[in-house]
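**Q** Got a predicted model here, sequence first, then my questions.
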Amino acid sequence: MNRYIKLKICYVMMVWILHCSYNVFGCTSTTAQYKQIGDSVTLEFQATMTNSLDTSIIVSNVISSNNGSTLLGIAYRDGVLLNSPTCNGCTITGNVTTGDLSIRLDNLQTSNSGTYKLSVTEAIHEVKGCIILYILGKPEKPTIQSNNNNSIEGMNVKLTCMSRSTTNPSDPNLNLQYDWRVDTEDNPQVYEYSQTKNILTIKNLDRQDAKKRFTCKATESGSSVTGLTSNYSDEFMLNVLYGPDGCEISVKSPVTVKVGSISPLIKCRSDCYPLCTYKWTNASSGSSIVSANGDFEIDSITRYHTGNYACECGNSATEIGTTHTEILQIIV
């Protein structure tokens, strides 16, 4: 076996080993490009122009699109261009005679996203390089959720802003960063935020928080790219349960009335959400109920109406069932 034949056999064996490696590991090199709809992009590939073991063998270079169709096919022998290439749906921007196979795609659409490959055929077909083209999209309009839809005053509450990337294809190296607006203020420092600001924590919830309007937005970003920002979410308002703080009676105790007269309308009020419940009882006669609402009056006073009357204000919606009692003394 002469030296030339041995060299050919070694070459074929080496190519076969490389072929197996490529089948396992895919592209030998991969880069990424990030663009938006309507942009142009230049994809830079470098041709293999000479067979390293046998310069007489033609080297074929093919750039394929994200859907596998051929964009550009070009052949070399010993560093010399053998054909006049044309680009299918693209523009050649590189100097193909020197192996620069750069091409430009214009007016990009979501359908252009994906992996573009340079395949080289020497003795067998191999993928030499890949470029992943990401088409950045505006994140979906976020939604806001609370960890407690009926929060009690004094609790800690977490609001979560949720959106989703529309970049195609999905890129695990991109993350969504969030920003909040409370009424007209951006990211108020009175709140705590998670690292990506998707969670806003309200410490020691106050009933005034129920009047505030929370909105949020999402921006996609990575180590080398800042993507698009979503629209703001719809307004979110908290449902804060509170009260009663105490009971207030509309007259000052004691109240003196005459026998046979009608007592003044006595009102008992407090501040609650949802609305307070009220109950008047005669504390001097075994706490019998004399009124099931906040208003209390006696139509015809007798001496037996003398005593202490208690107004109880409550809120069954709060977890502790808060109640407060105020005593009214009636003297006949």
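**A** Ah, there it is.
**Q** drop to CA atoms for contacts and neighbour counts, all remaining ones
**A** Noted.
**Q** pLDDT below threshold where in the protein?
**A** Judged by pLDDT under 70, the chain has its weakly predicted residues at 1-26, 123, 319-323, 332.
**Q** Which parts of it belong to which domain?
**A** The chain breaks down by automatic domain parsing into domains covering 3-136, 143-240, 248-331.
**Q** I'd like the ones you listed written out as a markdown table, with mean neighbour count added.
**A** Shown next, in a markdown table, are those (neighbours: other C-alpha atoms under 10 Å):
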| stretch | mean neighbour count |
| --- | --- |
| domain 3-136 | 17 |
| domain 143-240 | 17 |
| domain 248-331 | 17 |
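**Q** wait, isn't Asn315 in contact with Asp271?
**A** No. Using C-alpha atoms under 8 Å, Asn315 is not in contact with Asp271, being 9.6 Å away.
**Q** list residues touching both of the two?
**A** By C-alpha atoms under 8 Å, 6 or more residues apart in numbering, Asn315 and Asp271 have these common neighbours: Gly243, Pro244.
**Q** Tell me which residues are up against the longest strand that the chain contains.
**A** As assigned by DSSP state E, the longest strand anywhere in the chain is strand 125-136. Contacts with strand 125-136, where a contact means C-alpha under 8 Å, 6+ apart, come from 19, 22, 26-37, 43, 45, 108-110, 112-120, 166-171, 227-228.
**Q** after it comes which helix or strand?
**A** strand 143-146 (DSSP states H and E).
**Q** Can you tell me which helices and strands the helix or strand following that next one packs against?
**A** Using DSSP H and E, the helix or strand that follows strand 143-146 in sequence is strand 151-152. In terms of contacts (3 or more C-alpha pairs under 8 Å, 6 or more residues apart in numbering; DSSP states H and E), strand 151-152 is packed against strand 240-241.
**Q** Quick one: list the elements packing against the strand it packs on.
**A** Judged by 3+ C-alpha pairs under 8 Å, 6+ apart, the packing partners of strand 240-241 are strand 151-152.
**Q** and the strand it packs on, which strands flank it?
**A** Note on strand 151-152: by DSSP bridges, its sheet partners are strand 240-241 (parallel).
**Q** Now do the very next helix or strand once past the partner strand: distance to the chain's middle.
**A** For strand 240-241, the succeeding helix or strand toward the C-terminus, using DSSP H and E, is strand 248-249. Mean-position distance between strand 248-249 and its chain equals 48 Å (C-alpha atoms, centre = their mean, to the nearest Å).
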